[in-house]
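> Sequence and predicted structure below; questions after.
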Amino acid sequence: MSRELVNKCFVLAAWGAVGISCLILVSMISVITWNGLGAINLGFLFTEARNFGMSGGILYQIIGTLLIVAVAALICLPLALGTAISKSEYLKNRRMRKLCTALIYGLNGIPSVIFGVFGLIFFVNILGTGISWFVGSIILAIMILPTVVLATYQSINSIPKIYRESALTLGLNKWQVILHVVLPQGIGGSITGLLIGLARAVGETAPIMFIATAFSGVDIPGSPFEPVATLPTHILALAQQATAGQALQNAWGASLVLLTLVTLFSVTALFSRMKLRTISQR
Amino acid sequence: MISAFISTGIIFLIVGILLMNSWNAITDVGWRLFTLKWNVANEEYGILSMLYGSFMVTLCALVIALPLGLLTAIFVSEVLPGRYRFYAKSLLELLAGIPSIIYGLLGVAFLSVWIGHLFDLQSGRTILSAGILLASMILPTIITLSDDALQNVPDKYREAANGLGLTKYEVFRSALLPIAKADIIGACLLALGRALGETMAVMLVIGGIDKIPTPFFNILLPGQTITSKLGREIAETAFGSDHFSAMIFMGMILLFVVLILTFVAQHCFNPEQRLYE
């Protein structure tokens, strides 16, 4: 075969692959949007689910999702900041640093269902908390921890050396340097990481389905040790009875709401990352 | 400092807890864990069918997603003009963020029905449908990571190869691929790990039958993966029983496989060993 022919085949294959990929991805989004828009109206968003999700809306599911995710963010943020700062400022030993990075990457790779199983054993059975949304928050916080730590660490690492040196020349001690130089920069990075992590956490079903949620008969929880309803688990329950038309209809509505939440988080993360980049380039 | 200990300690805690809880199964059931039959009533806990299911579904997904993803990445990185690249990347990142449960819903509502009609099956919930669904889930990951890998090749190599009068394919084969290979393999390993650990979408479309289909390469029959087994059964299992413990043992195998993949992938694209900058 001539060179030109091989090249033509190659370029053609690339175009074909792009076509197929785009087709798959675009058709998915349009199907979700189309079916979802058909199901959503104000009443759907602001009423509670009735009749095992067959009728009524998803008000408590939205509240439950936001509650779990918000508390997960609050747990995760200080932990991640502390980890990133101690990794960049205190761990001087190169081997220790490598070990630390490897462990964080390892945590990042753990499949989400394993987190669910771990939560079930450790919190629900050994610590005896029962099925509670607070445990779900803790597990989600652990799950997004690596993302946040890595983002924070990167932004701390990009602080020019001269900042730190001038702060030290001014006679600040280590703690003051961390407080006034490292932290302000680190927080920007950690917020970006947190948003990316939350975009993932909002949609996770597997870690929380055994330990934090119930399908029906729940409203706004009164204590940290009660189950809540969340959007992903609601969709799961509805999808399992997919033959019933109305259930499927409501599942599409819930999916679109969930997807909107995810997109909101990731777009905010995108903007916050761009803003961060312009600051550090200044 | 304390928080650093907590964050790095969690992973040991998780592994430790899983190990502790699977100990029962290892001592009580022993080597019979690696048999074919899973029947709780007869106290038979053979996990081979689940291992097979996980392996087969992942294989299907990779066979579909790898060529598609790689070629698309080549297109985005080498053919698409630079100013559109930002939009393409943002779109891909958005797609990578679609929650897996929504993929599952799409699979239940459309894909499994289509597969059922297409091959004239009783039920469209098969290993193949799970594989296709999984392929579309890992596609964005493969595309973005391989695209990054290709972009990391300095332009001077591209220019030198173009200057020799090589065609696009030859430039890719002989200049870009050797340099970007390690990163691309790393990307594939990450995608593999992601695919192995995926639960919700697979659980909804795989059918949930703990058997290796006969003949064993028939992917148009329902099966069961480790993750879907865990997702379906663990909430209904008594804590501390052999049944529970066998499930945890399965989870632990999954965990170790994925962890090893992650470490190997990380080793593959270790940024300190870049020679070509």
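Looks like it came in fine. Numbers count the residues shown, from 1 in each chain, chains lettered A, B, ... in the order given.
> what's the neighbour count on the residue in the stretch 1-150 of chain B that chain A sits nearest to?
Closest to chain A within the stretch 1-150 of chain B is residue B:99: 2.4 Å, counting by C-beta to the nearest C-beta. Heads up, the C-betas are built off the backbone N, CA and C, glycines and all. By the criterion of other C-beta atoms under 10 Å in any protein chain shown, residue B:99 has 25 neighbours.
> Pull the contacting residues for it.
A:202-205, A:232, A:258-259, A:262 (C-beta atoms under 8 Å, 6 or more residues apart in numbering or on different chains).
> again, only this time at 10 Å
A:199-205, A:231-232, A:235, A:255, A:258-259, A:261-262, B:105, B:200-201 (C-beta atoms under 10 Å, 6 or more residues apart in numbering or on different chains).
> Given the helix or strand of chain B with the lowest mean pLDDT, what are its sheet partners and their directions?
Ranked by mean pLDDT, DSSP states H and E, the weakest helix or strand in chain B is strand B:38-39, scoring a mean of 72. Using DSSP bridges, strand B:38-39 pairs in its sheet with strand B:44-45 (antiparallel).
> remind me which residues of the stretch 151-277 of chain B are low pLDDT?
B:213-217, B:268-277 (pLDDT under 70).
> Residue B:207 versus the residue of it found nearest chain A, what's the distance?
Closest approach between the stretch 151-277 of chain B and chain A, counting by C-beta to the nearest C-beta: residue B:197, at 2.5 Å. According to C-beta to C-beta, to the nearest Å, residue B:197 and residue B:207 sit 19 Å apart.
> same check, this time on residue A:209
Residue A:209 is 19 Å from residue B:207, by C-beta to C-beta.
> Quick one: end-to-end length of stretch B:148-158, please.
This stretch, stretch B:148-158, spans 15 Å end to end (C-alpha to C-alpha, to the nearest Å).
> hmm, who's touching it?
Taking C-beta under 10 Å, 6+ apart as the rule, stretch B:148-158 contacts B:70, B:73-74, B:76-78, B:85, B:89, B:171-172, B:174-187, B:269, B:271, B:274, B:276-277.
> Can you select the buried ones from the residues you listed in ChimeraX?
Those of those that count as buried under 16 or more other C-beta atoms under 10 Å in any protein chain shown are selected in ChimeraX with:
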select /B:70,73,74,76,77,78,89,171,172,175,176,179,180,182,183,184,185,186,187,269
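> in chain A, what spans have low per-residue confidence?
Ranges of chain A meeting pLDDT under 70: A:1, A:43, A:46-56, A:215-222, A:224, A:242-244, A:276-282.
> show me where it has helices.
In chain A, the segments counted as helices under DSSP state H are A:3-39, A:42-46, A:59-85, A:94-109, A:112-119, A:133-157, A:161-169, A:174-177, A:183-203, A:206-209, A:231-240, A:245-281.
> Pretty sure the residue of the stretch 151-277 of chain B closest to chain A sits against residue B:137.
No - at 11.3 Å, residue B:197 and residue B:137 do not qualify as touching, with contact defined as C-beta atoms under 10 Å.
> Reformat the helices of chain A as JSON lines; add distance to residue B:141.
Below are the helices of chain A laid out as JSON lines (distance: least, C-beta to C-beta, whole Å):
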{"stretch": "helix A:3-39", "distance to residue B:141": "12"}
{"stretch": "helix A:42-46", "distance to residue B:141": "32"}
{"stretch": "helix A:59-85", "distance to residue B:141": "23"}
{"stretch": "helix A:94-109", "distance to residue B:141": "13"}
{"stretch": "helix A:112-119", "distance to residue B:141": "15"}
{"stretch": "helix A:133-157", "distance to residue B:141": "14"}
{"stretch": "helix A:161-169", "distance to residue B:141": "35"}
{"stretch": "helix A:174-177", "distance to residue B:141": "38"}
{"stretch": "helix A:183-203", "distance to residue B:141": "13"}
{"stretch": "helix A:206-209", "distance to residue B:141": "18"}
{"stretch": "helix A:231-240", "distance to residue B:141": "20"}
{"stretch": "helix A:245-281", "distance to residue B:141": "14"}
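> Alright, calling it a day.
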